[in-house]
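Visitor: have a look; sequence and predicted model below, questions after that.
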Protein chains: 4
Amino acid sequence: MDRSRTEAFSDGVFAVAITLLVLNLHAPEGDLREGLLHMWPAYLAYVVSFLSIGIMWMNHHAVFRHVVRVDRALQLANLLLLMVIVAVPFPTDLLGRQLAHELHGGDTATVTFVYGLVMIAMAAGFSLVWWYAVLRPGVIDARLSREWLRRANFRFSVGAAGYLAGTALALWEPLLSLILFGLLSLYYAFEHLPTPSSDDTPSNSPAGS
Amino acid sequence: MDRSRTEAFSDGVFAVAITLLVLNLHAPEGDLREGLLHMWPAYLAYVVSFLSIGIMWMNHHAVFRHVVRVDRALQLANLLLLMVIVAVPFPTDLLGRQLAHELHGGDTATVTFVYGLVMIAMAAGFSLVWWYAVLRPGVIDARLSREWLRRANFRFSVGAAGYLAGTALALWEPLLSLILFGLLSLYYAFEHLPTPSSDDTPSNSPAGS
Amino acid sequence: MDRSRTEAFSDGVFAVAITLLVLNLHAPEGDLREGLLHMWPAYLAYVVSFLSIGIMWMNHHAVFRHVVRVDRALQLANLLLLMVIVAVPFPTDLLGRQLAHELHGGDTATVTFVYGLVMIAMAAGFSLVWWYAVLRPGVIDARLSREWLRRANFRFSVGAAGYLAGTALALWEPLLSLILFGLLSLYYAFEHLPTPSSDDTPSNSPAGS
Amino acid sequence: MDRSRTEAFSDGVFAVAITLLVLNLHAPEGDLREGLLHMWPAYLAYVVSFLSIGIMWMNHHAVFRHVVRVDRALQLANLLLLMVIVAVPFPTDLLGRQLAHELHGGDTATVTFVYGLVMIAMAAGFSLVWWYAVLRPGVIDARLSREWLRRANFRFSVGAAGYLAGTALALWEPLLSLILFGLLSLYYAFEHLPTPSSDDTPSNSPAGS
């Protein structure tokens, strides 16, 4: 299968999921000015989720541009990752509402914990795609695969530790936990996958794009 | 007409429809923890519908990449298929609400039956695109067309029997029916259309991309 | 400017607008079975609007594939067309609710009339794009331009007469009016723009894709 | 990184954000005809926001088509711009509701001021992308960069003055402020970035698209 439609479909899903986050911003009831200020948790949740999905897209892009063959298993792994991406607006909505005391009988620890579980699932979904691409012969450029494997250990240790710590932290310090998730996004934005400096597209590019 | 914009539009519709499924996940009322657990039918409906649309996209992709000419009739057939795809979030929402006893005066059998009817319509829409592509000379690679026809009988028999059985089953065992629809998706993910092993794109590719 | 991103953006807008139509299908209140049957006006409005947007997309595609130069004026005209396309779910929602007697103080004639006005605006927006493309030298293939102009008179007379008649009819026979709008879509699906039979892409294609 | 997927993702986000504006048009309560007329502020807000996003897309397109190398920093700047674009439906919704006196305890000045702040953030986000592209060596065609810099001073002075003035004006004359934002969009539609007249794509185009 050619890579371009898998990328096009994934780009579409990422773009829609990230845009649906705005639906979590509702006109406040009661006094308007106070309401707009009082909504800050919704803005914070919006920013953290936007960065999480946006930078996950950047990493998705960084992997797929070196993919030379898309098989059914890679598509299924990708579909599972997208299933988590699409779900992100739900815990984001919960989080914004809870932090603004709009949920009845809720507690912030539970909601942030659920948010953390979705972050873990997202990281796990990306790892599935990544390891399949790296370990399955012929999916990505073989030379690149070795270079990526060297870098992967440190990178994934940080990510796994960060998301697990953030989710555990949610039970005691939800806000700190949320800020940690935002920082993890920024970490992944800068500590990125290496790219071969010489050329920008794999030599045996299948379908142009 | 060239194929690439039909694919781009279809990819967009698939991507938006699959992402709108998240709107069926609402913040629960009442106790939060209990509410989140109590919502499991909404999660199940989300997963089954996500897989159904996602794997339908994979099959759509598998057919269209061998299409060498897109005519008006194929576009209309494709539009009918998309009209069903776009509707999927509606019965998904009904199903999630019903299984969680949120609908007044509803019964699970009816809702799951309606869900099954939409699945049948989706399969019928895909068959329409498929048979048109295979039987209309010049739409797909002629050699491929013969190979596909051989495989089609078994594949479509399983699908038709499965969706009909699932929809009938809905009247007695709604949950089992829903699980069957999920399994049918996975069946289609693996029992896929054959691809010519030698090259990956049709020799007379019309519009690149 | 190159054509491909204008097409990509337009495809995205068409795809999202057509998919948002599903949000007009709500879980019925009261008895479920009766409610689902009682909702038929919402289904009808869904189908008519889906076909109207879908076939407008097909015609948009048919024009833009022969565009060899996209200038600012064409982009603005395209943006105005898209502004109407995006608005279609609003009168569709009104129509479905009104026909199902869900609006307070509404009358079907008014709602169908508003729906007709949006259809007229959509046709006007498309005409704007079309005439600009045909009349502005250098936007489309000059030979094609002459061929299109010959066909245009009849085609646009039917369209203009149809949408005006449908909108006027709305004041007396709203349902008939709605059915007429659906039939106009199908007319445009088949009475389409001529395509040069020899080759499928303009000789001086600007940006591939 | 290649440019085409960044453009595809951005196009998707622009397309979804602009389409979600329709969700701010709700069926009116009370008398239908009066309600539809009474909703004019929602229509006005729809048009101004649609033009603002649409023309921002045109300018985004005008910059990115000359980009020859997309690095992480450009992607992050682009992501920040998109974060504002995606948020636009929120103040649009507030504005439409407020002008129609649907918000409790709101005042028009506050809402229009908030709308203006989002417009300023959007302009700032675009400037970030623009200045990075122009000043970072190797991101866009160097010859173009000099030509763009000459034009930029006047262009950005108008924009900055306009958005700041509009936002300040919001505190006294909200409606006038909103109309000014609409006019600024149209200004940017016509006072656009120069394009080299000879060829339409940069000589060292990275990924075609």
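Guide: It's in.

Visitor: after the worst-scoring helix or strand of chain A on mean pLDDT, which helix or strand is next?
Guide: Across the helices and strands of chain A, the lowest-confidence element by mean pLDDT, DSSP states H and E is helix A:142-169, at a mean of 78. Scanning forward in sequence from helix A:142-169 by DSSP states H and E, the next helix or strand is helix A:174-190.

Visitor: that next one near chain B at all?
Guide: No: using CB under 8 Å from any CB of the partner chain, helix A:174-190 stays clear of chain B, coming no nearer than 13.3 Å. For the C-beta atoms, the positions are set from N, CA and C on the backbone; glycine is no exception.

Visitor: distance from the chain centre to the least confident helix or strand of chain A, please.
Guide: In terms of CA atoms, centre = their mean, to the nearest Å, the centre of helix A:142-169 is found 14 Å from the chain centre.

Visitor: by contact count, what packs against that helix?
Guide: Applying 3 or more CB pairs under 8 Å, 6 or more residues apart in numbering or on different chains; DSSP states H and E, we find helix A:142-169 packed against helix A:108-135, helix A:174-190.

Visitor: grab the nearest non-local neighbour of A:Leu117.
Guide: Excluding the flanking residues, the one nearest A:Leu117 by CB to CB, 6 or more residues apart in numbering or on different chains is A:Thr167, at 6.3 Å.

Visitor: typo on my end, A:Met119
Guide: Residue nearest to A:Met119 in three dimensions, not counting chain neighbours: A:Tyr163, with 5.2 Å by CB to CB, 6+ apart.

Visitor: okay if I get the helices and strands packed on helix A:142-169 as a markdown table plus mean neighbour count?
Guide: Below are those laid out as a markdown table (neighbours: other CB atoms under 10 Å in any protein chain shown):
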| stretch | mean neighbour count |
| --- | --- |
| helix A:108-135 | 20 |
| helix A:174-190 | 18 |
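
Visitor: now tabulate the ones you listed in TSV and tack on mean pLDDT.
Guide: Converted to TSV, the helices and strands packed on helix A:142-169 look like this (pLDDT from 0 to 100):
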stretch	mean pLDDT
helix A:108-135	88
helix A:174-190	85
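
Visitor: right, so of those helices, which gets closest to D:Leu149?
Guide: Set against D:Leu149 and scored by CB to CB, the helices and strands packed on helix A:142-169 come closest in helix A:174-190, at 28.0 Å.

Visitor: so what secondary structure elements neighbour that closest one?
Guide: Contact here means 3+ CB pairs under 8 Å, 6+ apart; on that basis helix A:174-190 packs against helix A:40-64, helix A:89-99, helix A:108-135, helix A:142-169, helix D:72-87.

Visitor: buried deepest among those helices, which one?
Guide: Most buried of the helices and strands packed on helix A:174-190, by mean neighbour count (mean count of other CB atoms under 10 Å in any protein chain shown): helix A:89-99, with a mean of 25.

Visitor: quick check, that one touching chain D?
Guide: No: using CB under 8 Å from any CB, helix A:89-99 never reaches chain D; the gap is at least 11.5 Å.

Visitor: stretch A:69-78 too?
Guide: No: using CB under 8 Å from any CB, stretch A:69-78 stays clear of chain D, coming no nearer than 14.3 Å.

Visitor: what about A:Arg69, which SS state?
Guide: coil (DSSP: H, G, I helix; E, B strand; the rest coil).

Visitor: where does chain A get nearest to chain B, which residue?
Guide: A:Gly12 (2.9 Å; CB to the nearest CB).

Visitor: tell me the contacts of that residue?
Guide: Contacts for A:Gly12 (CB atoms under 8 Å, 6 or more residues apart in numbering or on different chains) come out as B:11-12, B:14-16, C:12, C:15, D:12.

Visitor: so the residue of chain A most remote from its centre versus B:Trp172, what's the distance?
Guide: Distance to the chain centre peaks in chain A at A:Asp31, reaching 35.2 Å (criterion: CA atoms, centre = their mean). Per CB to CB, to the nearest Å, A:Asp31 is found 54 Å from B:Trp172.
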